[in-house]
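**Q** Compute the structure for the input listed below.
(one chain, ligands or ions: 1)
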Amino acid sequence: MSNPSLRQRDAACIAEIGRLRFSPLSLVGGRGNRLIEEGGREVLDLSGSAGPAMLGYSHPAIVEAVEQSVRSMAGASLLLYPNEPAVSLAERLLALTPGTGERRVWFGHSGSDANDCALRVLAAATGRSRFISFIGSYHGNLSGSMGISGHTAMTHTLPRPGVLLLPYPDPYRPRFSAEEVLSLLDYQFETTCPPDQVAAVFIEPLMSDGGLIVPPPGFLKALEARCRRHGIRIVVDEVKVGLARSGLLHCFQHEGLTPDLVVFGKALGSGLPLSAVVGPSEIMDHAPAFALLTTAGNPVAAAAGNAALRTIETEGLVERSARIGKLFADGLRALGDRHEIIGDVRGRGLAIGVDLVEDRTTRAPVPATTTAKIIYRGYELGAAFTYVGLKANVLEFMPPLTLTEDEVAEGIAIVDRAMADVAAGKVSDADVASFMMW
Ligand SMILES: Cc1ncc(COP(=O)(O)O)c(/C=N/[C@@H]2CCCCNC2=O)c1O
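**A** Coordinates of the predicted model:
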């Protein structure tokens, strides 16, 4: 019997609950913007590993920072001892995150634990037990952060008591206009959701897993104004679209928001487990020993974080993300001349969604199998990308911000061919049966 493949071994030991697989791609390495498949094939990465790979893979700045830090580890627990990399990273985050007054930084391992921490400390510090969030939002997969998320993939878990989930207005499918959502919120405030009981609103400035939805201009600013009237804090979840990806350093800057707390993750560690919450001291200093994760803010992950933030600056990734993102989105839009399935191409910077429809007039989403087949065929042709959306019909492109113009052209050509091949029936339902996961 030949040696089992990596995928077969994975199937024999990795728990299904921890899988969200879009293709048979199994990895033995990565460098630059390419993933190295078992067997040696190099696959162009247009997924960024769901966002963390802001700098691609094995970026020299990350390798050097991690190597230097791990060779003389300044402890392994920020809880017990300050360490130079974590304190430097906190100082950097305070300097680059707009805000006023005394503020502090909390470190976590993931976007989930950072949102968990934010909501728990807000409830405790404000004495308010209600939260506002949005249908389609994804803030994490721990009890707390899942409990304020509104993604259809979360319906296996009941929402947190006291959370108000509002529709997130979608300009492409305006089932609820921005005005109707705000009017619904006003009515809730007048009836079953007293605003003085609401601790905070959690906002994705660009809704990612819910379908890469850019909110209508002014909506988030109008929401903020209502919150300000009632002392409701604004928590902006920048975990996926923050740190230069949107074409500005912070995605909330596109909306003119003034957050109270900002949640970072994914790209902050550039592949290492690292997240952060930046917020006012009256919240973040609520009590000692309130939000403890033993290895959070460890010197190795923090060293990667420092290198990631430095590289955003030294490689001009904010401007690059805007420029390459426009090139990529324009290229995807141009495919619409050949593929009726493309209903909408949207996003900001290098956070791009392609909304796939059965019919451009009705805008009815394609079946999830169609989306999955395009991703599967894209994999066979040499590119890795994923899908999101409450109807699993939005191709998600979250590539490394280091993507080159040539790689954009390569990626567009692969998407083009994948769509044509799927339309020609070259991918079967059986091919994608095990990749229909959310
Ligand atoms: C806006 C936003 N906030 C928080 C999270 C949770 O981050 P972690 O998965 O690092 O805990 C996420 C994670 N999003 C999912 C992770 C599961 C796989 C599907 N793709 C994502 O990006 C997010 O998008």
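**Q** from here on, contacts and neighbour counts on C-alpha atoms
**A** Noted.
**Q** Once you drop chain neighbours, what's closest to the residue positioned nearest the centre of the chain?
**A** In the chain, the centroid-proximal residue (C-alpha atoms, centre = their mean) is residue 240; its distance is 2.3 Å. Closest residue to residue 240 apart from its sequence neighbours, by C-alpha to C-alpha, 6 or more residues apart in numbering: residue 51 at 5.9 Å.
**Q** Quick check: the one you found vs the ligand, distance?
**A** According to C-alpha to the nearest ligand atom, to the nearest Å, residue 51 and the ligand sit 6 Å apart.
**Q** That residue sits in which helix or strand?
**A** Counting by DSSP states H and E, no helix or strand carries residue 51.
**Q** Show me what from the stretch 51-200 of the chain comes close to the ligand.
**A** 110-112, 138-140 (C-alpha under 6 Å from any ligand atom).
**Q** if we go to 8 Å?
**A** Within the stretch 51-200 of the chain, the positions adjacent to the ligand are 51, 109-115, 137-142, 145 by C-alpha under 8 Å from any ligand atom.
**Q** Just among these, which is most surrounded?
**A** Counting neighbours by other C-alpha atoms under 10 Å, residue 115 comes out on top of those with 32 neighbours.
**Q** Break down the stretch 251-400 of the chain into its helices, ranges please.
**A** With DSSP state H, counting those that start in this stretch, the ranges of helices along the stretch 251-400 of the chain come out as 281-284, 299-314, 317-335, 368-381.
**Q** export those helices to TSV and tack on mean pLDDT, mean neighbour count and distance to the ligand?
**A** Conversion of those to TSV gives the following (pLDDT from 0 to 100; neighbours: other C-alpha atoms under 10 Å; distance: least, C-alpha to the nearest ligand atom, whole Å):
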stretch	mean pLDDT	mean neighbour count	distance to the ligand
helix 281-284	98	18	19
helix 299-314	98	23	14
helix 317-335	98	20	18
helix 368-381	98	24	14
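**Q** re the thing from before, okay but the residue nearest to residue 240 is in contact with residue 396, surely?
**A** No: between residue 51 and residue 396 there is no contact under C-alpha atoms under 8 Å: 10.4 Å.
**Q** so what's residue 73 up against?
**A** Shown in contact with residue 73 (C-alpha atoms under 8 Å, 6 or more residues apart in numbering): 299-300.
**Q** Same check on residue 57?
**A** Per C-alpha under 8 Å, 6+ apart, neighbours of residue 57: 30-35.
**Q** 10 Å instead?
**A** By C-alpha atoms under 10 Å, 6 or more residues apart in numbering, the residues touching residue 57 are 29-35, 45, 48-49, 63, 270-271, 400.
**Q** Identify, from these, the entry nearest to the ligand.
**A** residue 49 (8.3 Å; C-alpha to the nearest ligand atom).
**Q** helix, strand or coil for the closest one?
**A** Per DSSP: H, G, I helix; E, B strand; the rest coil, the secondary structure class of residue 49 is coil.
**Q** What pLDDT is listed against it?
**A** pLDDT for residue 49: 97.
**Q** let's have the chain start at 38 instead
**A** Sure thing, new numbering starts at 38, so read that last one as residue 86.
**Q** what about it, neighbour count?
**A** The number of residues packed near residue 86 is 20, by other C-alpha under 10 Å.
**Q** swap in the one 5 residues further on?
**A** The burial count assigned to residue 91 is 31, neighbours taken as other C-alpha under 10 Å.
**Q** The closest residue in space to it that isn't next to it in sequence - how many residues pack around it?
**A** Spatial nearest neighbour of residue 91, excluding adjacent residues (C-alpha to C-alpha, 6+ apart): residue 437 at 4.4 Å. For residue 437, the neighbour count with other C-alpha under 10 Å is 28.
**Q** any idea of the pLDDT on residue 437?
**A** pLDDT for residue 437: 98.
**Q** sorry, back to before: how close does the residue nearest to residue 277 sit to residue 42?
**A** Distance, residue 88 to residue 42, using C-alpha to C-alpha, to the nearest Å: 27 Å.
**Q** Please apply the same query to residue 439.
**A** Relative to residue 42, and taking C-alpha to C-alpha, residue 439 is found at 31 Å.
**Q** Let me see the contact set for residue 289.
**A** Contacts of residue 289 (C-alpha under 10 Å, 6+ apart): 240-243, 257-258, 273-275, 278-279, 283, 295-296, 299.
**Q** I'd guessed residue 410 sits against residue 465; true?
**A** Yes: taking contacts as C-alpha atoms under 10 Å, residue 410 lies within contact range of residue 465: 7.6 Å.
**Q** who touches both of these two?
**A** The contact sets of residue 410 and residue 465 overlap at residue 459 (C-alpha under 10 Å, 6+ apart).
**Q** Which single residue in the stretch 288-437 of the chain comes nearest to the ligand?
**A** residue 303 (5.6 Å).
**Q** excluding its backbone neighbours, what's nearest that residue?
**A** In space, residue 303 is closest to residue 89, 4.1 Å off (C-alpha to C-alpha, 6+ apart).
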